[in-house]
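K.L.:
I'll drop the sequence and a predicted model, then ask my questions.
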Amino acid sequence: MRTGTGTGTTFLLLPSVLFCLFVCQLTVKAQSLPPAKYDGFVYTNNLVDSHTIMIEAFYDPVCPDSRDSWPPLKQAIQHYGSRVSLTVHLLPLPYHDYAFATSRALHIVNLVNPSATFRLLDCFFEHQERFYNAQTSNMSKDAVVDEIIKFTTKTVGNSYYSAIASGFNDSKTDLKTRVSFKITRRGEASSIHCLSHRAKRYRILHTYFDEGFSFPVHRIFFKGYLSTVHKALHQ
């Protein structure tokens with residue numbers, strides 16, 4: 001709508017435009033809300049300095065490849081001790097129906113009892129078949145989430161049942177899981193990034209790549225991790 005003609009024309013659309021800009025700004029902020037702290041679960045509490053190799057792993061709790069790569073990665077971390085630092089990020093893959101719900105359970109536990117986070121991840125990997133697509137195909141979403149709550153409570157401790165159950169009804173934990181996914185989606189499930197103080201990046205993704213040659217990952221995970229970290233340490 002406008003009034004007047006020629007140079008005297010006055011537009012009365014400013015309030016509407018401002019309102020639209022305000023709504024758009026809120027929408028953008030809601031979709032790209034930054035986390036309060038650096039994303040991920042810290043596996044090691046080692047002092048990080050210019051000589052530390054920083055390893056970032058991207059995992060899906062119900063992905064078989066993530067499950068298979070986790071034990072040898074822990075062995076490699078133990079082998080190198082204080083010279084490496086490990087942070088685990090959750091990347092629930094869309095073709096695993098309950099990857100998001102299990103990831104959300106890990107975020108909830110990390111809030112209510114951080115010391116149990118990796119114990120729960122270990123248990124998800126050990127019993128992940130319970131939450132595969134085929135095993136849950138005849139169950140409702142609510143029924144599967146209830147099973148995840150019970151499974152999580154059994155792993156963490158019965159005294160945490162109320163906190164875990166209420167966590168699944170809290171929109172903040174849903175948002176936290178979504179924001180974490182958006183941050184890590186450029187990474188890859190079951191991939192490992194090793195960063196030295198010179199920020200040189202290595203990646204292991206289902207197959208280990210060494211100077212352009214690839215090898216079956218299930219045979220050489222541990223050897224591959226050791227070689228990758230060794231290279232980063234000796235740059």
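P.N.:
Thanks, I have it.

K.L.:
all strands of this structure, in order?
P.N.:
All strands of the chain, identified by DSSP state E, fall at 2-3, 10-11, 41-42, 53-59, 84-90, 191-195, 201-205, 207-210, 213-216.

K.L.:
going along the chain, name the helices of this structure.
P.N.:
Using DSSP state H, the helices of the chain run over 14-31, 64-80, 99-112, 117-126, 133-136, 141-156, 161-167, 171-184, 217-233.

K.L.:
tell me the pLDDT of Pro34.
P.N.:
Looking at Pro34, its pLDDT reads 54.

K.L.:
what's the answer for Tyr80, then?
P.N.:
85.

K.L.:
tell me the spacing between it and Ser159.
P.N.:
Tyr80 sits at a distance of 36 Å from Ser159 (criterion: CB to CB, to the nearest Å). C-beta here means a position set from N, CA and C on the backbone, and glycine is covered the same way.

K.L.:
with Ser137 instead?
P.N.:
Counting by CB to CB, the gap from Ser137 to Ser159 is 33 Å.

K.L.:
next: Leu111.
P.N.:
Taking CB to CB, one finds Leu111 at 15 Å from Ser159.

K.L.:
ditto for Ile108
P.N.:
Taking CB to CB, one finds Ile108 at 14 Å from Ser159.

K.L.:
what about Pro114, neighbour count?
P.N.:
Pro114 has 11 neighbours, counted by other CB atoms under 10 Å.

K.L.:
can you pull the poorly scored residue ranges out of the chain?
P.N.:
Within the chain, the stretches with pLDDT under 70 are 1-37, 184-235.

K.L.:
hmm, who's touching stretch 126-140?
P.N.:
61-64, 67, 96-98, 101-102, 124, 144, 147-148, 151 (CB atoms under 8 Å, 6 or more residues apart in numbering).

K.L.:
list the buried residues for that stretch?
P.N.:
Neighbour-count burial for stretch 126-140, with 16 or more other CB atoms under 10 Å as criterion, is recorded at Gln128, Phe131, Thr136.

K.L.:
and if you look at stretch 160-180?
P.N.:
Applying 16+ other CB under 10 Å to stretch 160-180 flags Tyr160, Ala163, Ile164, Ala165, Gly167, Phe168, Thr173, Lys176, Thr177, Arg178, Val179, Ser180 as buried.

K.L.:
thinking the fourth one is in contact with Ile149, fair?
P.N.:
Yes. Proximity of Ala165 to Ile149 meets the contact threshold set by CB atoms under 8 Å, at 5.3 Å.

K.L.:
how close does Phe131 sit to Ile55?
P.N.:
26 Å.

K.L.:
again, but for Phe118
P.N.:
Separation of Phe118 from Ile55 (CB to CB): 14 Å.

K.L.:
check Pro114 too.
P.N.:
Applying CB to CB to Pro114 and Ile55 gives a distance of 19 Å.

K.L.:
likewise Val145?
P.N.:
32 Å.

K.L.:
between these two, who's got more neighbours?
P.N.:
Shown here are Val145 and Ile55; by other CB under 10 Å, Ile55 has more neighbours (25 against 18).

K.L.:
bridged to the more buried one, which residues?
P.N.:
Leu86, Cys194 (DSSP bridges).

K.L.:
right, and Asp174 touches Ala105 too?
P.N.:
No. Assessed by CB under 8 Å, Asp174 is found out of contact with Ala105, at 11.8 Å.
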